[in-house]
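Trainee: Could you look at this predicted model? Sequence included:
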Amino acid sequence: MAASPTLVLHLDLLSQPCRAVHILLRLYRVQHGVRTVALRRGEQLTPEFSRLNPMQKVPVLVEHDFVLTESDAILKYLVNKYPEIPQHWYPRQPERRARVDEYTAWHHTHTRAHCSRVFILEFLAPRLSGSAVDAVALQGALAELRVTLDQLDAMFLRRQSFLCGEDITLADLLAICELMQPLGGGRDVLEQHPKLQRWSSRVQSALGESFDHAHSVLYALRDRNKAKL
């Protein structure tokens, strides 16, 4: 009988940060187990999971008796710990690493916050409540997201291939998973941003099959929404 993996990732692939961690592990075939925590069924609120993470959020990484929460910390830990993951994801050279840290510090209150809000207002809240989309709130959220997309382009992407330079990094991985989220509600947020579209294509090409595998649940959600129209 095969031994249980020492590295276990607790996730829900409808969660953007979970997809980022899952992609990195799968891309480099780091041996790990997956335990699904179904957020839509409230499994993150159970006593068992709450003991693992009192914040009741995913992802959670467990390695022996070491428990780590927060996707940013998990991704950086994986690059530092596992030699099969190339260093360009989180470079050791101080200036290059600082660029990744600069983006990830900005990410949580910009790319993540604004993409999530659009998805919640346009899809999740109406589905859970059975009420119509709050059009005024959605337009405000879309305006905030447009500012974030302009900043991504002007401040981070500039004239380089990826957000932190000519090599793909954790910044690109975290960003692409967030920017995909509104697609579940049928919205392509990069539709009017050709430069970011080209960046997205480069990122998805670099991630290959692991990207599509992690986003299969989101694609299915998008396709079901299209069928209802």
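Mentor: Now that the structure is in, tell me what you want to look at.
Trainee: Which helix runs longest in this protein?
Mentor: Once the chain is assigned using DSSP state H, the helix that runs over the most residues is helix 135-151.
Trainee: quick check, R92 in a strand?
Mentor: No - assigned with DSSP: H, G, I helix; E, B strand; the rest coil, R92 falls outside any strand and is coil.
Trainee: and it, what does it touch?
Mentor: Taking CB atoms under 8 Å, 6 or more residues apart in numbering as the contact definition, R92 lies against nothing. Just so you know, the C-beta spots here come from the backbone N, C-alpha and C atoms, and that holds for glycine as well.
Trainee: Quickly note the distance from it to L7.
Mentor: If you measure R92 against L7 using CB to CB, to the nearest Å, the figure is 22 Å.
Trainee: Go through stretch 143-152 and flag the buried ones.
Mentor: Applying a neighbour-count criterion of 16 or more other CB atoms under 10 Å, one finds L145, T148, L149, L152 buried in stretch 143-152.
Trainee: centre of the chain versus the longest helix of the chain, how much separation?
Mentor: Averaged C-alpha coordinates place helix 135-151 at 19 Å from its chain's average position (CA atoms, centre = their mean, to the nearest Å).
Trainee: ok and the helix or strand following it relative to helix 135-151, angle-wise?
Mentor: Next helix or strand after helix 135-151 toward the C-terminus (DSSP states H and E): helix 170-180. Our comparison of helix 170-180 with helix 135-151, counting by axes from the mean of the first three to the mean of the last three CA atoms, to 10 degrees, yields an angle of 150 degrees.
Trainee: avg pLDDT for helix 170-180?
Mentor: Regarding helix 170-180, the rounded mean pLDDT is 98.
Trainee: Using the record's assignment, carve the chain into domains.
Mentor: Under the assignment named as automatic domain parsing, the residue ranges that make up the domains of the chain are 7-85, 94-228.
Trainee: sec struct for Q31, please.
Mentor: Q31 - assigned by three-state DSSP - is coil.
Trainee: number of nearby residues for it?
Mentor: One way to gauge burial is a neighbour count; for Q31, by other CB atoms under 10 Å, it gives 11.
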